[in-house]
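Q: Sharing a model that was predicted from the sequence below.
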Amino acid sequence: MGGAAVIFAAAESKKIKGVIAESVYPRFENHARIKISDKYLLPGTQEQKAYLADFKKKLNIDEDIAPINYVGKISPRPILIIHGDKDTDVPVEAADKLYEEAGFPKDIWTAKNGDHFSCYTVNPRLYNQRVLDFIRQYF
């Protein structure tokens with residue numbers, strides 16, 4: 001949820017000069033629903049809906065946590081979206097959705113063989129190069 005928190009913070013505070021976010025889901029509720037279905041309950045059942053409602057209540061979430069609704073507010077500050085093509089937690093299409101909603105300037109990098117938050121570990125040299133190139137370009 002760190003990447004989502006960065007997107008929310010940058011959307012609200014102009015003091016943040018740019019964003020680098022990795023493995024971010026577009027909507028928490030959709031992500032939670034998928035994870036709950038994968039591990040515990042069949043999708044769309046009353047039990048799943050009740051479980052998700054209870055989960056949100058425990059976390060004190062009144063509404064859907066949706067970075068996709070905030071990512072466009074970061075512009076005109078730059079954003080780099082990083083996602084692994086082997087992410088088993090958040091589908092790589094999530095990065096594409098965030099990228100589509102982001103304003104300019106924006107960049108996206110899909111790390112080959114990267115899983116959830118492992119884009120750095122599969123290729124640290126390339127990861128560092130992509131991040132440094134982004135920083136050099138905008139700062």
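A: In hand now; what should we look at?
Q: Quick check: buried residues in the helix ranked longest in the chain?
A: Using DSSP state H to define each element, the chain has its longest helix at helix 124-138. Within helix 124-138, the residues scored as buried using 16 or more other CB atoms under 10 Å are 127, 130-131, 134. Every C-beta, even on glycine, is put in place using the N, C-alpha and C of the backbone.
Q: just how off-centre is it within its chain?
A: Computed by CA atoms, centre = their mean, to the nearest Å, the chain-centroid distance of helix 124-138 equals 19 Å.
Q: by contact count, what packs against it?
A: Counting contacts by 3 or more CB pairs under 8 Å, 6 or more residues apart in numbering; DSSP states H and E, helix 124-138 packs against strand 79-84, strand 106-111.
Q: Mind putting those into CSV with mean pLDDT, distance to Ala5 and mean neighbour count?
A: Shown next, in CSV, are those (pLDDT from 0 to 100; distance: least, CB to CB, whole Å; neighbours: other CB atoms under 10 Å):
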stretch, mean pLDDT, distance to Ala5, mean neighbour count
strand 79-84, 98, 14, 25
strand 106-111, 98, 19, 19
